[in-house]
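# return a 3D structure for these sequence lines:
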Amino acid sequence: MVYSVRAVIPVCLAAFLALWLGVAQAAGLSGKVIRVSDGDSISIYLDETVFRMAPARFRKETAIPVLLELPKMKIRHARQTVTIGTADIEISEHLGVALHSPVALVRRVFTAADGTVVYLAEVTYRGDYIHFEMDLRT
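Alright, predicted model coming up:
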């Protein structure tokens, strides 16, 4: 799938910018502000046009609920990928876990009707914070 990216800005003072699938790099973005909370590390990108629809809310609230409540925003795709991996040096320091500890790598990509990426997030959760429960019956 090919994504297009308009000007993208960091969400919340607590968020940090990171490269993901080369999207940010292709858009000429750089910079990193690290946010680590109780058990996770997160990087978020938000389309500038979308951010300008509710800047005060995006600075204070969780981005996804704000994004979904915007009357002018039509989300075509909202995808999440969860991969079980291990903590590298940077993540192990941020999360306070041993190097190569299990972690869940979560990537979320929301696209608008025209295919533009409007929200992109990469979250790393400590392995001891993850619990999956699934009903396997049809």
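# tell me where this structure has strands.
Here the chain has its strands, by DSSP state E, at 8-10, 36-37, 40-47, 75-86, 102-112, 117-126.
# of these, which is nearest residue 69?
Residue 69 lies closest, by CB to CB, to one member of those: strand 75-86, at 11.2 Å. Just so you know, the C-beta spots here come from the backbone N, C-alpha and C atoms, and that holds for glycine as well.
# just want the angle from the closest one to strand 117-126.
Orientation of strand 75-86 against strand 117-126 (axes from the mean of the first three to the mean of the last three CA atoms, to 10 degrees) gives an angle of 20 degrees.
# ok, residues contacting strand 75-86?
67-68, 100-113, 115, 118, 127 (CB atoms under 8 Å, 6 or more residues apart in numbering).
# list buried residues within those.
Those of the contacts of strand 75-86 that meet the buried threshold are 67, 101, 103-112, 118, 127, by 16 or more other CB atoms under 10 Å.
# now do the residue positioned nearest the centre of the chain against residue 71, distance only.
The centre of the chain sits closest to residue 121, judged by CA atoms, centre = their mean, with a distance of 1.1 Å. Counting by CB to CB, to the nearest Å, the gap from residue 121 to residue 71 is 22 Å.
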